[in-house]
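S.K.: after the sequence you'll find the predicted model.
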Amino acid sequence: MIRSYRDQAIVLRTHKLGEADRIVCLLTKENGQVRTVAKGVRRTTSKFGARLEPFSLIDVQLHRGRTFDIVTQVEMLRPYGTQLASDFDLFAAGTVMVETAERLTADSADGAHAQYSLLLGALHALANLRHDPVLVVDSYLLRALSVAGWAPSCFACASCGKPGPHTSFSISEGGALCDECQSEGGVAVSENTMELMGHLLAGNWDQADRTEAYDRQRVAHLTSAYTQWHLERKLRALQLFERKRA
C-alpha cells in the first residue's frame with residue numbers, strides 16, 4: 001500500500017491539538033474529505049502553518065496514518081482566507097459554505113469530486129465579488145444539495161410532476177407544488193421567487209443578478225430551511241449569517 005499521496009484540497013476547518021499541532025479537515029479533489037494532523041504548525045518557526053487556514057486552496061502531500069493522515073508538505077495555491085477575512089459578510093458567507101461542505105462529505109466519498117468543484121467555484125466567486133454574497137451562498141447550497149441527491153423542484157410539481165410555475169413550496173415534499181398537491185406544510189411563494197431559485201440551482205447568473213431584493217430574501221429563507229431540513233441539524237454558521245443579514 002502506498003503510504004504517501006498528493007492532492008489539491010480546500011481547508012474546511014482546523015482545531016488545536018496539544019501544544020503545537022493542529023487537526024486540519026480538508027476537502028480534497030480526489031480523495032474526498034480527509035482529516036489530518038499538521039505537526040508543529042502553531043510554532044512561530046513553522047514553514048507552512050499560515051498555509052493551512054480555513055478557505056485556503058492548497059496542494060498538499062500527505063502520509064497515511066491509522067486515525068489521521070499526516071501533513072508533510074503544503075503549497076499555497078489560492079489564499080481565499082486572506083481575501084474573505086477582510087470583510088465580515090464575506091467571511092460569514094464562506095463559513096456557511098465550508099460548514100455545509102463538511103457535513104455533506106463527512107460520511108461518503110460519493111460525489112466528493114463534484115462537491116470540491118462546487119465549493120472551489122463558490123469561494124472564488126465570493127472572494128472576487130462576482131455576485132451578491134447572499135446569492136452565491138444560496139446557489140452553492142442548492143447545487144451542493146443537488147449533488148447529494150436533494151435537488152428541489154423549482155418548476156414542475158414535486159409531487160405529481162405537473163408543469164409550472166407554481167406558487168406553493170414544500171420543504172418536506174421537495175419543492176414546488178401545484179394547486180391540487182398543496183400540503184399543510186407548504187408556503188405561498190411568487191413565481192418570481194421560484195424562478196430565482198431555479199436560476200441559482202442552474203447557475204444562470206445573468207438572470208439571477210437582475211432579480212429584486214424581495215425575491216432574494218424569500219429564496220434565502222427557503223434555501224436555509226431546505227438545507228437544514230435535509231442535513232437534519234442546524235448549521236451554526238448559517239444561523240449567524242441569517243442574523244447578520246436580518
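M.R.: Looks like it arrived, so ask away.
S.K.: give me the distance between the residue nearest the centre of the chain and Val34.
M.R.: For the chain, Met97 is the residue whose C-alpha lies nearest the centre (Cα atoms, centre = their mean; 3.0 Å). Met97 is 18 Å from Val34, where distance means Cβ to Cβ, to the nearest Å. All C-beta spots, glycine's among them, are computed from the backbone N, C-alpha and C.
S.K.: likewise Ala237?
M.R.: On the measure of Cβ to Cβ, Ala237 and Val34 end up 21 Å apart.
S.K.: ok, these two, which is more surrounded?
M.R.: Val34 (23 against 19; other Cβ atoms under 10 Å).
S.K.: that one touches Ala9, doesn't it?
M.R.: Yes: look at Val34 against Ala9 with Cβ atoms under 8 Å: they come within range, at 7.3 Å.
S.K.: overlap of the contact sets of those two?
M.R.: Counting by Cβ atoms under 8 Å, 6 or more residues apart in numbering, the common neighbours of Val34 and Ala9 are Leu26, Leu27, Thr28.
S.K.: give the rounded mean pLDDT of the strand ranked longest in the chain.
M.R.: Secondary structure of the chain read by DSSP state E shows that its longest strand is strand 4-17. Mean pLDDT, strand 4-17: 94.
S.K.: starting at the chain centroid, how far to stretch 162-182?
M.R.: Stretch 162-182 sits 25 Å away from the centroid of its parent chain (Cα atoms, centre = their mean, to the nearest Å).
S.K.: CA-only coordinates of it, as PDB, when you get a sec.
M.R.: Coordinates of each C-alpha in stretch 162-182 appear next as PDB, following Å, rounded to 0.1, in the frame of the first residue of the first chain:
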ATOM      1  CA  LYS A 162     -47.400  19.000 -13.400                       C
ATOM      2  CA  PRO A 163     -45.500  21.700 -15.300                       C
ATOM      3  CA  GLY A 164     -45.300  25.100 -13.500                       C
ATOM      4  CA  PRO A 165     -44.600  27.700 -12.500                       C
ATOM      5  CA  HIS A 166     -46.500  27.100  -9.200                       C
ATOM      6  CA  THR A 167     -47.000  29.300  -6.200                       C
ATOM      7  CA  SER A 168     -46.500  26.900  -3.300                       C
ATOM      8  CA  PHE A 169     -43.300  25.400  -1.900                       C
ATOM      9  CA  SER A 170     -43.000  22.500   0.500                       C
ATOM     10  CA  ILE A 171     -39.700  21.500   2.100                       C
ATOM     11  CA  SER A 172     -40.800  18.000   3.000                       C
ATOM     12  CA  GLU A 173     -42.300  17.300  -0.400                       C
ATOM     13  CA  GLY A 174     -39.200  18.500  -2.200                       C
ATOM     14  CA  GLY A 175     -40.100  21.800  -3.800                       C
ATOM     15  CA  ALA A 176     -42.900  23.500  -5.800                       C
ATOM     16  CA  LEU A 177     -46.400  22.100  -5.500                       C
ATOM     17  CA  CYS A 178     -49.400  22.600  -7.800                       C
ATOM     18  CA  ASP A 179     -52.800  23.700  -6.500                       C
ATOM     19  CA  GLU A 180     -54.000  20.100  -6.400                       C
ATOM     20  CA  CYS A 181     -51.000  18.800  -4.400                       C
ATOM     21  CA  GLN A 182     -50.600  21.700  -1.900                       C
END
